[in-house]
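Peer 1: next input, structure requested:
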Amino acid sequence: MDLATYFVKIKAGEMDYFHPFYEASKKAIFYNIFALCKDYALSEDILEETYLSFLKNIDKIDNSENILGYLMRISKNLTLDYFKKNSRI
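Peer 2: Below is the predicted model:
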């Protein structure tokens, strides 16, 4: 099954498909984050936040959206937000 099919199932409320969706996409998302922050533990935290944000906003995501691209964009934005927030401290 591809990510788009998993996404449609998850969006329809079939949460049994989340784990295979997560397993199929987490590596690419993790390395996207890690490339920006160069911190393994921080990358894991932002990875978790990425999927939480994805699930929180799943009803707003169009079914025709490139899901991997969407997750990449969320992860990049969360990483940049982290650095903006912590540069002020």
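Peer 1: so for the strand or helix carrying Ile10, mean pLDDT?
Peer 2: Using DSSP states H and E, Ile10 falls within helix 3-11. Helix 3-11 shows a mean pLDDT of 95.
Peer 1: so what's the gap between the following helix or strand past that helix and the chain middle?
Peer 2: The helix or strand immediately downstream of helix 3-11 is helix 18-37, counting by DSSP H and E. From the chain centre to the centre of helix 18-37 is a distance of 7 Å (CA atoms, centre = their mean, to the nearest Å).
Peer 1: helix 18-37 vs helix 3-11, what angle?
Peer 2: Orientation check (axes from the mean of the first three to the mean of the last three CA atoms, to 10 degrees): helix 18-37 against helix 3-11 gives 120 degrees.
Peer 1: for helix 18-37, buried residues please.
Peer 2: Of the residues in helix 18-37, 18, 21, 25, 29-30, 32-34, 36-37 count as buried by neighbour count, 16 or more other CB atoms under 10 Å. To be clear about C-beta, it is placed using only N, CA and C from the backbone, and glycine gets the same treatment.
Peer 1: neighbouring contacts of the helix holding Ile10?
Peer 2: Helix 3-11 has contacts (CB atoms under 8 Å, 6 or more residues apart in numbering) with 17-18, 20-21, 24-25, 55, 58-59, 61, 63, 67-68.
Peer 1: how close does the nearest residue to Tyr40 once chain neighbours are set aside sit to Phe7?
Peer 2: With sequence-adjacent residues excluded and distances taken as CB to CB, 6 or more residues apart in numbering, Tyr40 is closest to Phe34, at 7.0 Å. Here the criterion is CB to CB, to the nearest Å. By it, Phe34 lies 23 Å from Phe7.
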